[in-house]
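# build me a structure from this.
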Amino acid sequence: MAESVPVEVAYALAERQWLLPLLVAEGTTAIEAVRASGILELAGIKAPLDLGVHGRRVAQDTRLSAGDRVEIYRGLDFDPMESRRRRAAKSPVKG
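Below is the predicted model:
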């Protein structure tokens with residue numbers, strides 16, 4: 001029988017965040033852990049999913065190890081580079 005290992009599934013919105021601990025079978029994939037956590041229904045998350053483990057993007061079929069934190073990433077509401085350009089254009093020129 002496969003050993004159970006502790007993992008966490010994390011998801012955050014501007015106004016709320018979820019961090020769900022769970023035990024999964026050794027060798028469980030990132031997407032399997034997300035589904036097992038119930039977070040998709042709880043937070044109303046729709047596919048496609050962009051996942052990471054401890055801040056590094058991973059494929060959905062990435063196998064998890066004990067203590068891993070699977071993170072579900074949201075799309076950006078704005079382009080950070082464009083925001084930076086706009087701020088630079090508004091600021092006085094130094095020199």
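# A helix includes Arg87, no?
Yes - applying DSSP: H, G, I helix; E, B strand; the rest coil, one finds Arg87 inside a helix.
# which residues of this structure fall in strands?
Along the chain, counting by DSSP state E, strands occupy 4-12, 17-25, 50-53, 56-58, 69-73.
# buried deepest among the ones you listed, which one?
Greatest average neighbour count among the strands of the chain goes to strand 69-73 (a mean of 20), per mean count of other Cβ atoms under 10 Å. For glycine as for every other residue, the C-beta is placed from the backbone atoms N, C-alpha and C.
# how many residues are close by Ala33?
Look at Ala33: counted by other Cβ atoms under 10 Å, it has 25 neighbours.
# ugh, typo on my part, it should be Ala47
If we define neighbours as other Cβ under 10 Å, then Ala47 has 6 of them.
# same check, this time on Pro92
5.
# over to Pro48?
5.
# repeat that for Gln60.
14.
# between the strands of the chain, which one is closest to Glu32.
Nearest of the strands of the chain to Glu32, taken as Cβ to Cβ: strand 17-25 at 7.1 Å.
# quick one: that closest one to strand 69-73, angle?
130 degrees (axes from the mean of the first three to the mean of the last three Cα atoms, to 10 degrees).
# check contacts around Asp61.
Asp61 is in contact with 29-31, counting by Cβ atoms under 8 Å, 6 or more residues apart in numbering.
# now do 7 Å
Residues near Asp61 by Cβ atoms under 7 Å, 6 or more residues apart in numbering: 29, 31.
# from Gly67, how far out is it?
19 Å (Cβ to Cβ, to the nearest Å).
# pull the helix or strand with minimum mean pLDDT from this structure.
Every helix and strand of the chain was ranked by mean pLDDT, DSSP states H and E. The lowest is helix 80-90, at a mean of 81.
# could you list the low-pLDDT ranges of this protein?
Applying pLDDT under 70 to the chain flags residues 1, 76-78, 93-95.
# rerun at 90
Counting by pLDDT under 90, the chain contains low-confidence ranges at 1-2, 14, 42, 46-48, 74-95.
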